[in-house]
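> here is a sequence together with a model predicted from it:
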Amino acid sequence: MMLEAATELVTERGHTVVRDTDVDDAYGRARHKSRIGNVQSLPYHQQVRYALLERLIEDAQKIHQQRPILQETLATATQPRCEA
């Protein structure tokens, strides 16, 4: 799986030989392909659960990245207004 991912990277990058960086970068791609294969071997209802869990994790990460913006918005929204 690792060599397959490395050769894909070599082709995409237009290299004529496999470089150390290609092998290093291939690790994540190989893990992703392995994970996909593992999920596809699960029964359908387990695949649905996995997809839902992935979606929840992605959404949680987006919310976490926006946390400072949300905190600032909340802080300004809850400050008492001064009337002149």
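Done, it's in.

> switch to C-alpha atoms for all contacts and neighbour counts from now on
OK.

> ok, residues contacting stretch 59-78?
The contact list for stretch 59-78, computed with C-alpha atoms under 8 Å, 6 or more residues apart in numbering, is empty.

> start to end distance for it?
End-to-end distance of stretch 59-78 (C-alpha to C-alpha, to the nearest Å): 25 Å.

> so, low pLDDT: which residues of the chain?
Across the chain, the ranges flagged by pLDDT under 70 are 79-84.

> repeat that for 90
Residue ranges of the chain with pLDDT under 90: 1-7, 15-25, 28-29, 32, 35, 62-84.

> can you show me the helices along the protein?
Assignment of helices within the chain using DSSP state H yields the ranges 2-13, 20-40, 44-65, 67-78.

> and this structure, what are its domains?
1-41, 44-76 (automatic domain parsing).

> out of the ones you listed, deepest packed?
domain 1-41 (a mean of 14; mean count of other C-alpha atoms under 10 Å).

> distance of the residue nearest the centre of the chain relative to His45?
Closest to where the C-alpha atoms of the chain average out (C-alpha atoms, centre = their mean) is Glu58, at 7.2 Å. Counting by C-alpha to C-alpha, the gap from Glu58 to His45 is 20 Å.
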